[in-house]
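Trainee: the following comprises the amino acid sequence and a computationally predicted model.
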Amino acid sequence: MAQTTKKLQTLWWDWLSTAERLLLSLHEQTATLSLRKVERLEEIQPEIDSLMARMEEIDDEAVASAKGLAEEFGCEPNLRSLVASLEKAEAQEVQAIANRVIVAGRNVQKIIAKNRALQENELEFVNGTHALVNNVAHEQKGPYVGKTKDGNLVMDQVA
């Protein structure tokens, strides 16, 4: 690892490691959602939140490091310009790690979207079940239905 991009590459490796731990937690969340284990979901969520916050911190540091390198090399603060400013071997290392970060980021986003869809489906299921139970409870059929008046109870008492 060349000295000029060592900090940036180290940050990206840290980000990849954190993303891997996050993916494991997200897959566990997927399984837990499917099994409807609410208690375990509540245990997993703080871990997921913590890992995501850590990834954001690392990302902010990596952006600052890349901007510093861009200033040092006198290029635009983007990956393409930065890679073009480096020696061939170092450019290949940086590009390879950047590609891994991009793929890992897409994987994390995909699993988060899948879990969000599972959560929304569960909420729709619960709401539908609640509506169904509510409708059945208000039906006026069966041997145990009490007699109700159609009028306003307060008005009947006043009269």
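Mentor: Sure, I can see it.

Trainee: which sections of this protein are below the confidence cut-off?
Mentor: 1-3, 137, 140-159 (pLDDT under 70).

Trainee: could you pull out the helices for it?
Mentor: For the chain, the helices defined by DSSP state H occupy 6-35, 38-73, 79-85, 88-137, 153-158.

Trainee: and the ones you listed as TSV, adding mean neighbour count?
Mentor: (Each C-beta comes from the backbone N, C-alpha and C, glycine too.) Shown next, in TSV, are these (neighbours: other CB atoms under 10 Å):
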stretch	mean neighbour count
helix 6-35	17
helix 38-73	15
helix 79-85	16
helix 88-137	13
helix 153-158	8
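
Trainee: what sits against residue 112?
Mentor: Contact analysis of residue 112 by CB atoms under 8 Å, 6 or more residues apart in numbering lists residue 26.

Trainee: tell me how far it lies from residue 67.
Mentor: 27 Å (CB to CB, to the nearest Å).

Trainee: and residue 57, by the same measure?
Mentor: For residue 57, the distance to residue 67 - CB to CB - is 16 Å.

Trainee: next: residue 14.
Mentor: Counting by CB to CB - residue 14 and residue 67 are separated by 18 Å.

Trainee: ok, residue 125 next?
Mentor: 47 Å.

Trainee: just residue 18 next, same as before
Mentor: Taking CB to CB, one finds residue 18 at 21 Å from residue 67.

Trainee: and for residue 20?
Mentor: From residue 20 to residue 67 the distance is 26 Å (CB to CB).

Trainee: then residue 129?
Mentor: 52 Å.

Trainee: and the residue nearest to the spatial centre of the chain, how close does it get to residue 26?
Mentor: When CA atoms, centre = their mean is applied to the chain, the residue found nearest the centroid is residue 112 (4.0 Å). Counting by CB to CB, the separation of residue 112 from residue 26 is 7 Å.

Trainee: also residue 57?
Mentor: Distance from residue 57 to residue 26, by CB to CB: 19 Å.
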